[in-house]
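S.K.: My questions concern the predicted model and sequence given below.
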Amino acid sequence: MEKAFLCDSSSIITLVDSCFGGLFAFLSKKYGVDFYITPDVKKEIVDRPLSMEMKAYRMSALRIKRMLDNEVLKEIDADTEDMTEELMDLANNIFSIKGRKIHLIDPGETDLISVANTLRIDRLLIDERTTRLLIEAPFTIQKHFEEELGVDVDFDKKVYRTFEQHVRGLSVFRSTELLAVAYKAGYFEKFGDASHDAFVAALYKAKYSGCAVRFDEIEEMARFL
Amino acid sequence: MAGIDKRLLRSIYEAFASRNARRMRKLNDKVLNSLIISGEKEAISLAIITYALSKILSKRKFGDKKYNKHMDHIEQILLKMSENGEVSIGVGEVKKELVEMESKDPRYIFSLITKSKVKMAATLYAKGMSLSSVVKLFGIAKEEVLSYAGKTMMFDRVKEEVPVKKRVEEILSFVGVE
């Protein structure tokens, strides 16, 4: 697929909750970018909040539903049940403590990778940290677990090599990088002289809304953009 | 599964009996770690109530005599749980007491148990489990965990291996923005 991103629920939640859902339409119109979500992601961020008794996430769900109705976000699916299960099995057998495997991720995450592989969408938009690190830097997860739990964590290289074959070639971006694109494309021009300030404020807003980005990364983006 | 270590349950009882909020918080962290390490399912509900109990112990209002009956009853439940190891039953009974205590003076829309679930899920996410895994364990929404996690330092505690400049350059090039 040409210019396409497959988005997980965390990135959409971050951007819509911080009132930057508009940048999907902006980038789609200006650069012909397609933003896709899977049916499971739609269930999580639209169907479930609209059916919940708690109304806290209803507004975001309605905004996202509108984006789907207007085809700013598009639903996409593939027959990936087998691959999703295989990936789950692999991912949850990479790390172990005294022989006991650590359950790391759920179908919510592996389904995204499976669909990306099957439909050859190489760019993922994921704000969730664990899946991204599993794709980019699994040893970071091992080290982090060891620091947090105070025990040695084993890493099964053979299992990881098999998992890695499914994620090779995938590039993961966060909502902060999408905000950077929007900024360079002129999304914040409506703020006039304060456009850079508005962009940096947006990065902080994304972080506080749950995007897994460090403060020093935001400061760096503010400097070089 | 072996069940929760009775020594841990005994420590939880002792922390509550001595009204030691700080010790209860440390034990709560132990329970969470045991959930990751051993995968013991009973640790989920135990984590929720130990956190809730640490909040109860740290709030002055629950020292008021109108809560004495409930505090004494919780102490008895925890003692029994430490002796018979029946975590599910014990946790259920503690939850009932907490609900009754909160109903005497409701101040927040979200109950202590709900807030405890969010905090526990966010803590496990911070420790390294995935977002989908933790919301499934505690039966809460991703939005709740993300909103909580975003206001902590969890993302700054892990070094990023891919330089942010490289990410930005790649995405700009992909989208076609100069």
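M.R.: Arrived safely, thanks for sending.
S.K.: where do the helices sit along the chain?
M.R.: The chain I'm using is chain A. A:9-17, A:22-31, A:39-42, A:48-51, A:58-69, A:81-91, A:107-119, A:129-136, A:138-149, A:157-167, A:175-184, A:195-208, A:215-224 (DSSP state H).
S.K.: that's the other chain; I wanted chain B
M.R.: Secondary structure of chain B (DSSP H): helices at B:6-17, B:21-38, B:42-58, B:68-84, B:87-103, B:112-127, B:131-138, B:142-149, B:164-175.
S.K.: which residue packs closest to the residue positioned nearest the centre of chain A, ignoring adjacent ones?
M.R.: Taking Cα atoms, centre = their mean, the centroid of chain A lies closest to residue A:126, which sits 1.0 Å from it. Residue nearest to residue A:126 in three dimensions, not counting chain neighbours: residue A:8, with 4.7 Å by Cβ to Cβ, 6 or more residues apart in numbering or on different chains. Using the backbone N, CA and C atoms, a C-beta is placed for each residue, glycine as well.
S.K.: was I right about the one you found contacting residue A:132?
M.R.: No. Under the criterion of Cβ atoms under 8 Å, residue A:8 is not in contact with residue A:132, lying 9.5 Å apart.
S.K.: wait, which of the helices of chain A is closest to chain B?
M.R.: Closest to chain B of the helices of chain A, according to Cβ to the nearest Cβ: helix A:107-119, at 3.1 Å.
S.K.: Next, the angle from that closest one to helix A:9-17.
M.R.: Interaxial angle, helix A:107-119 versus helix A:9-17 (axes from the mean of the first three to the mean of the last three Cα atoms, to 10 degrees): 100 degrees.
S.K.: Quick check: the gap between the residue nearest to the centre of chain A and residue A:135.
M.R.: 8 Å (Cβ to Cβ, to the nearest Å).
S.K.: Spit out the residues that contact those two alike.
M.R.: By Cβ atoms under 8 Å, 6 or more residues apart in numbering or on different chains, residue A:126 and residue A:135 have these common neighbours: residue A:172.
S.K.: tell me the residue furthest from the middle of chain B?
M.R.: Within chain B, counting by Cα atoms, centre = their mean, residue B:178 lies farthest from the centre, at 46.3 Å.
S.K.: Contacts only, for it.
M.R.: With Cβ under 8 Å, 6+ apart, residue B:178 has these contacts: A:184, B:172.
S.K.: Mark out where each domain of chain A begins and ends.
M.R.: A:4-77+A:174-224, A:81-172 (automatic domain parsing).
S.K.: Would you reformat these as a markdown table and include mean pLDDT and distance to residue B:78?
M.R.: Below are the domains of chain A laid out as a markdown table (pLDDT from 0 to 100; distance: least, Cβ to Cβ, whole Å):
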| stretch | mean pLDDT | distance to residue B:78 |
| --- | --- | --- |
| domain A:4-77+A:174-224 | 96 | 30 |
| domain A:81-172 | 94 | 25 |
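S.K.: Now these in CSV, please, with extra columns for distance to residue B:81.
M.R.: Formatted as CSV, those follow (distance: least, Cβ to Cβ, whole Å):
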stretch, distance to residue B:81
domain A:4-77+A:174-224, 30
domain A:81-172, 25
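S.K.: Nearest to residue B:130, out of those?
M.R.: domain A:81-172 (4.0 Å; Cβ to Cβ).
S.K.: how distant is the closest one from the center of its chain?
M.R.: 14 Å (Cα atoms, centre = their mean, to the nearest Å).
S.K.: What does the pLDDT read for the residue farthest from the centre of chain B?
M.R.: On pLDDT, residue B:178 comes in at 81.
S.K.: tell me the contacts of residue A:151?
M.R.: Contacts of residue A:151 were listed using Cβ under 8 Å, 6+ apart, and they are A:97, A:98, B:37.
S.K.: hmm, 6 Å instead?
M.R.: By Cβ atoms under 6 Å, 6 or more residues apart in numbering or on different chains, the contact list for residue A:151 reads residue A:97.
S.K.: circling back to that earlier point, my guess is the residue nearest to residue A:126 meets residue A:111, correct?
M.R.: No. Taking contacts as Cβ atoms under 6 Å, residue A:8 lies outside contact range of residue A:111: 9.3 Å.
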